[in-house]
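Q: For reference, the sequence and a predicted model appear below.
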Amino acid sequence: MAVSPSTYPRRLLPLFLGLFQGALLLFFALFITYDEPSAQAEDTSLVVNQAYSTFPFFQDIQVMLVVGLGLLLTFLPRYGFSALTHNFLLLNISMQWALVLQGLLHHFHHGQIHLDLHKLLISEFAAVTVLISVGAILGRASPCQLLVMATCEIPLYLASEWVIVTCLGVLDVGGTITIHVFSCYFGLGVSKALFRATQQPLHPKETPTTSSDLMSLVGTLILWVFWPSFVAVLCQPGDAQHRAILNTLLAMTASAITTVVASSLLERDGKLSPGHLQNGSLAGGVAIGVVADMAVPPVAALALGSLSAVVCVLGFRFLTPLLARKLTLHDQCGIHNLHGLPGILGGAASVVAVLVALCQAAGLAVAIGASLLAGLLTGSALRLPCLARPPERLCFDDSLYFKIHEQAESPGADSSAEEGALALQEQV
Amino acid sequence: MAVSPSTYPRRLLPLFLGLFQGALLLFFALFITYDEPSAQAEDTSLVVNQAYSTFPFFQDIQVMLVVGLGLLLTFLPRYGFSALTHNFLLLNISMQWALVLQGLLHHFHHGQIHLDLHKLLISEFAAVTVLISVGAILGRASPCQLLVMATCEIPLYLASEWVIVTCLGVLDVGGTITIHVFSCYFGLGVSKALFRATQQPLHPKETPTTSSDLMSLVGTLILWVFWPSFVAVLCQPGDAQHRAILNTLLAMTASAITTVVASSLLERDGKLSPGHLQNGSLAGGVAIGVVADMAVPPVAALALGSLSAVVCVLGFRFLTPLLARKLTLHDQCGIHNLHGLPGILGGAASVVAVLVALCQAAGLAVAIGASLLAGLLTGSALRLPCLARPPERLCFDDSLYFKIHEQAESPGADSSAEEGALALQEQV
Amino acid sequence: MAVSPSTYPRRLLPLFLGLFQGALLLFFALFITYDEPSAQAEDTSLVVNQAYSTFPFFQDIQVMLVVGLGLLLTFLPRYGFSALTHNFLLLNISMQWALVLQGLLHHFHHGQIHLDLHKLLISEFAAVTVLISVGAILGRASPCQLLVMATCEIPLYLASEWVIVTCLGVLDVGGTITIHVFSCYFGLGVSKALFRATQQPLHPKETPTTSSDLMSLVGTLILWVFWPSFVAVLCQPGDAQHRAILNTLLAMTASAITTVVASSLLERDGKLSPGHLQNGSLAGGVAIGVVADMAVPPVAALALGSLSAVVCVLGFRFLTPLLARKLTLHDQCGIHNLHGLPGILGGAASVVAVLVALCQAAGLAVAIGASLLAGLLTGSALRLPCLARPPERLCFDDSLYFKIHEQAESPGADSSAEEGALALQEQV
């Protein structure tokens, strides 16, 4: 019955997922129920209105996370299946896990949790943190490591969000501080603890190709289009929601244009970098979330969008290489530039905007401090050998996790049998 | 005026479509009109509400069928144009044909048929059956054969749906029995009658490439995101629709995770098969349709989603090869695994759920029996030589139907002039 | 401080965009504000209703323009980044520019412009004209040339739209005359004045590959699905909007089928041309806009859709080569076939439909005449050497504007250093 070392980690993924799914079924059977059928006509129309007003936003956000973010991550040319599938799997797992935890914490009435679309939406917001954090270690971590990370991050996010929003009273409809800043520093903490002081060399499979970069840009455009739904969905319907939509649209359009300016100025020959476009165009959406529904003037949304795009592009050009060199901090997708810096910028803007400066600043500090610490601890846990961290040669390679058909189109596809054999040697 | 044998079938497609379009114009001119303008203010607000509540669902379903399903079918690397275009063409033709037939059958008032968005939606549901059935013979059938198949399938579907829903009183908002099971066995019947006892050898153009599989996975994700709209659109607004959305979301999320478990366990080295992911993730949506709006507990939706994903993946791994070997039954896209098995599972679940067990079971039996018989007869008709069944060498090949530009990127593109010449020889 | 000739145009793009963005910030700071918070409960529900009824349409249109049109333009295989990014950039710039101009012209109250979603939508409609016109010179014009073109076209569109709609009282909810016809002849005028009498030879990078044509077809399908939202968004809610949606759906479905008929008949061997499908399927949407909300019978929408598809495909087959040969008129994307001819057809249909024939005809004449003249003048301005028109060898080439990574997959990627050097020689 001895399981060979090469087979064991392979079986860990279905084992983990199977147990999780079984426990979830048990939990649902015991505790989860739908709302009572609404008896009065007035109730019905209320339920209808609530479902009709939330459902289109919910679908937009699903498109963003499943299709848009999935495509954005396919910039690694030999890691497309893994990027799409791991993103998809983590979204589902994290959402279910957040649903369970939130049900236990908040929604227990008479031994039952009443499920509705709003609770699923709240769980989806929690899952977003995992999808962002993964960006720091994409391609260099195994699915099992990512699942452990999700398992740790969701309760930590819920605790952090409770401290920031409930205790400190921070206003943050778009999740700038609670989601983007938290998940960024959590992800960086994980990366630091996982890779320690070893600087990650440039991997040959890390460089995007034209077609993988193009698919990634399409993902950015999908995210760009639907971002206002993400920011506005939890706003108070009416003026506040209308304003959140407009502010987000203004910030996104300013980001798009400013990214072109910044990227073009930073390159010697004035050419644009696809990576800058893929990220900078979205920076305004990250930053605007925390002030989107406040009564800020429209010019502030434009300025915040422009500024966050500049910060994001500068981060890619100067800060990421610096962090990699000085702190040996590995950030595969540059989440610090897209989520960290614009998030801090948005947080700072909200301090000015609401004048309840101390609480907002404290909320920002909690998000950064707590997430970084929690990330470091989680990353250390990911070093457990049983989690099947992929060997260096097989990082960024779909063939480790997917049955890849013979590729007539790419003659250089040599990452097959002999590499697998070598991988086993490395693991042993 | 003698038409050469090679030209004749080529002209058959525009001839068929042109005649169809002309007849449709005549029919519309004679019989179709819009609703009278609503006179009272109350009526207007009702119409507005109806249009506003149906239109977003309708758009979601159009995205699913045109973009999502189209991309899902592009897994055949040299058949992308044909897959996208045939899917698109069949959707339009089948919808118009269903509109005519349903108008004649149900909606005749004073010699006029009043068109509205709801009738277009019902026609689109009918068209879905054709798009599913095509999956069984994709790549090995000519456009003319597919059009004849659509022409036969739409009235048969309407009859089957009338028997199942109106006569037997079966409840099936999501079309699990009426659409998925029916179209699956119809498609398998067509395949069996078309190819008879000849086992189809593995075609060299049948194997997906990495990039074609990736596009197909993107199609799956689009279908996955919008599936709740498909299941919920015809529900009673209010509690039932809300419940249908939630049940579908739960079933889809369980399918996604369980597919990874099942696929990983079935492969010796624990790797995931793209084909399993592309289909298994959607199996829960197929199965849940028939019980989505019923008062089932949430855990049932989760369990049904998990179970249907397991059944779907097992079907791909064991049943499809078995059916191909023992029954020489050819099922190109594995529609039996995605639509047949989960559909039967959902039907069985609905038997338990509603306790009017006899009628539900009878409905399921009608769907399977009638569709299989009808499919066999239709498939026999498709053997008519004038329908231009593609020769074996040119199956799965866009160049038979599309002007393909010289492909600098694929040096192995040898499927051009000489193959065409050979094809003509084969046909003669 | 002397800037070398090769660097100067590179710096022009960020300079132009930076100044524009700075001026916009100033303008917003001085003049733009949100609506006052609505005091009464009734007002709130009105605002909510307006936002809820417009926002989903707005999102659909954003998907069309950013993702759908962007992908449609990627049929040039080595120009994908540029097509996607220039389309995206021009949309944002044109929208902001239209917002400023429309604010100055129409919406000034007490020194303030009140921003709402409806005004953003109107600006987006103005921006569409630029995105269409660009199709005539795509790949042969520099970003700076395109920006100057946008700067000229937006005010000219606003003037033309004011004459057509306000002065002449032309009815045109879907923008057939005001947007499609105007932007087509403006674009052709620009092309004529920019390239003068020099016939553009077939460029080696101009020919689509299978995969670029396939991406472009996906773009068409996305546009096809969401087109009804574009036509119906500005209609009177209620019957008129419902009718506009139905008419557009009918016209689009007729176009899709008729395009296959026409393309198949025009080619000797009955094969379909991807270019015909990409454009003809959408022609019905262009033509129907002007009559979509009128009380036309459904058969008229079908017939108009069919006819415009025929005209579009015939245009590609016969008129575009003729115009190129006789008038040396260069039309890269065939905008005359997709926007010009179907637009005129729709305009003619509206003449019949409304019986206020003179004004409709005059509106059409204004759109054609004014746009052509304005386009010729704008195109002459684009010949300014400082706008960095790309040298012939580097037309249709991303590497002129984007940092392209080494492409392992395309061994023939020789458009790099030495071409750049040659380009500089050509420019000097």
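A: Nice, thanks for sending it over.
Q: how far away is residue A:320 from residue A:334?
A: Look at residue A:320 and residue A:334: by Cβ to Cβ, to the nearest Å, they are 6 Å apart. To be clear about C-beta, it is placed using only N, CA and C from the backbone, and glycine gets the same treatment.
Q: higher neighbour count, those two?
A: residue A:334 (21 against 17; other Cβ atoms under 10 Å in any protein chain shown).
Q: For that one, grab phi and psi.
A: Per-residue torsions, residue A:334: phi 70, psi 40 (degrees, to the nearest 10).
Q: Test my guess that it contacts residue A:279.
A: Yes - counting by Cβ atoms under 8 Å, residue A:334 does reach residue A:279; the two are 6.0 Å apart.
Q: and the residue in the stretch 201-350 of chain A that chain B sits nearest to, what element?
A: Residue nearest to chain B within the stretch 201-350 of chain A: residue A:211 (7.5 Å; Cβ to the nearest Cβ). Using DSSP states H and E, residue A:211 sits in helix A:210-232.
Q: Direction-wise, compare the helix or strand following that helix with helix A:210-232 and give the angle.
A: Later in the chain than helix A:210-232, the nearest helix or strand by DSSP H and E is helix A:239-266. Relative orientation of helix A:239-266 and helix A:210-232, computed by axes from the mean of the first three to the mean of the last three Cα atoms, to 10 degrees: 150 degrees.
Q: Which single residue of chain A ends up nearest chain C?
A: For chain A, Cβ to the nearest Cβ, closest residue to chain C: residue A:270, 2.9 Å.
Q: tell me the phi and psi of residue A:235?
A: phi -70, psi 160.
Q: Was I right to think it contacts residue A:244?
A: Yes - at 4.7 Å, residue A:235 counts as touching residue A:244 under the criterion of Cβ under 8 Å.
Q: intersection of neighbour lists for those two?
A: Residues touching both residue A:235 and residue A:244 (Cβ atoms under 8 Å, 6 or more residues apart in numbering or on different chains) are A:173, A:292, A:293.
Q: Next, format those as JSON lines and append secondary structure.
A: Below are the shared contacts of residue A:235 and residue A:244 laid out as JSON lines (DSSP: H, G, I helix; E, B strand; the rest coil):
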{"residue": "A:173", "secondary structure": "coil"}
{"residue": "A:292", "secondary structure": "coil"}
{"residue": "A:293", "secondary structure": "coil"}
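Q: out of the residues you listed, who has the most neighbours?
A: Sorting the shared contacts of residue A:235 and residue A:244 by how many neighbours each has (other Cβ under 10 Å) puts residue A:292 first, at 31 neighbours.
Q: Do I have it right that it meets residue A:250?
A: No - the pair residue A:292 / residue A:250 is not scored as a contact, 10.0 Å apart, by Cβ under 8 Å.
Q: Residue A:120: what's its closest spatial neighbour, skipping adjacent residues?
A: residue B:249 (6.3 Å; Cβ to Cβ, 6 or more residues apart in numbering or on different chains).
Q: quick one: pLDDT of the one you found?
A: We have a pLDDT of 94 for residue B:249.
Q: isn't it right up against residue B:226?
A: No - using Cβ under 8 Å, residue B:249 makes no contact with residue B:226, being 11.6 Å away.
Q: how much space is there between residue A:266 and residue A:341?
A: 15 Å.
Q: what about those two, which has more around it?
A: Neighbour totals were compared for residue A:266 and residue A:341, and residue A:341 leads with 25 against 18 (other Cβ under 10 Å).
Q: Does whichever residue of the stretch 1-150 of chain A sits closest to chain B fall in a helix, a strand, or a coil region?
A: When scored by Cβ to the nearest Cβ, the stretch 1-150 of chain A has residue A:10 as its residue closest to chain B, at 2.9 Å. Assigned by three-state DSSP, the conformation of residue A:10 is helix.
Q: And the contacts of stretch A:19-26?
A: A:93, A:96, A:97, A:100, B:254, B:257, B:258, B:261, B:299, B:302, B:303, B:306.
Q: check contacts around the last one.
A: Counting by Cβ under 8 Å, 6+ apart, residue B:306 makes contact with A:21, A:25, B:254, B:255, B:257, B:258, B:284.
Q: mind running it again at 6 Å?
A: Shown in contact with residue B:306 (Cβ atoms under 6 Å, 6 or more residues apart in numbering or on different chains): B:254, B:258.
Q: List the contacts of the residue nearest the centre of chain A.
A: Among the residues of chain A, the one closest to the centroid is residue A:132, at 2.0 Å (Cα atoms, centre = their mean). Neighbouring residues of residue A:132 by Cβ under 6 Å, 6+ apart: A:183, A:335, A:339.
Q: taking these one by one, which sit in strands?
A: Filtering these for membership in strands, criterion DSSP state E, returns an empty set.
Q: Tell me which ones among these also neighbour chain B, please.
A: Checked against chain B using Cβ under 6 Å from any Cβ of the partner chain, those yield no neighbours at all.
Q: how about low-confidence regions in chain A?
A: A:1-9, A:36-52, A:355-359, A:388, A:395-396, A:398, A:400-428 (pLDDT under 70).
Q: can you rerun that using 50?
A: Scanning chain A for pLDDT under 50 picks out A:1-5, A:38-42, A:407-428.
Q: Residue numbers of it in contact with chain C?
A: So chain A meets chain C at A:56, A:207-210, A:214, A:217, A:221, A:225, A:237-239, A:242-243, A:253, A:256-257, A:260-261, A:264-265, A:270-273, A:298-299, A:302-303, A:412 (Cβ under 6 Å from any Cβ).
Q: Can you select the buried ones from those residues in ChimeraX?
A: The ChimeraX command for the buried members of the residues of chain A next to chain C (criterion: 16 or more other Cβ atoms under 10 Å in any protein chain shown) is given here:
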select /A:56,207,208,209,210,214,217,221,225,237,238,239,242,243,253,256,257,260,261,264,265,270,271,272,273,298,299,302,303
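Q: so how far is residue B:261 from the spatially closest residue to the residue of the stretch 1-150 of chain A closest to chain B that is not a sequence neighbour?
A: Using Cβ to Cβ, 6+ apart and skipping residues adjacent in sequence, the residue nearest residue A:10 is residue B:270, 2.9 Å away. Taking Cβ to Cβ as the measure, residue B:270 and residue B:261 are separated by 11 Å.
Q: what do you get for residue A:208?
A: 31 Å.
Q: Residue A:289 too?
A: Per Cβ to Cβ, residue A:289 is found 35 Å from residue B:261.
Q: swap in residue A:114?
A: Taking Cβ to Cβ, one finds residue A:114 at 29 Å from residue B:261.
Q: And the helices in the stretch 101-250 of chain A, which stretches?
A: For the stretch 101-250 of chain A, the helices defined by DSSP state H, counting those that start in this stretch cover A:117-133, A:143-161, A:182-195, A:210-232, A:239-266.
Q: Most tightly packed of those helices?
A: helix A:182-195 (a mean of 27; mean count of other Cβ atoms under 10 Å in any protein chain shown).
Q: ok and it relative to helix A:117-133, angle-wise?
A: 40 degrees.
Q: Just the CA atoms of helix A:182-195, as CSV, please.
A: Only the C-alpha atoms of helix A:182-195 are listed here, as CSV (Å, rounded to 0.1, in the frame of the first residue of the first chain):
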residue,chain,number,x,y,z
PHE,A,182,-5.4,43.2,1.7
SER,A,183,-5.0,40.6,-1.1
CYS,A,184,-1.9,42.3,-2.5
TYR,A,185,0.1,42.3,0.7
PHE,A,186,-1.1,38.9,1.6
GLY,A,187,0.1,37.6,-1.7
LEU,A,188,3.4,39.3,-1.4
GLY,A,189,3.8,37.9,2.1
VAL,A,190,3.1,34.4,0.8
SER,A,191,5.6,34.9,-2.0
LYS,A,192,8.3,36.1,0.4
ALA,A,193,7.8,33.3,2.8
LEU,A,194,7.5,30.7,0.1
PHE,A,195,10.6,31.6,-1.9
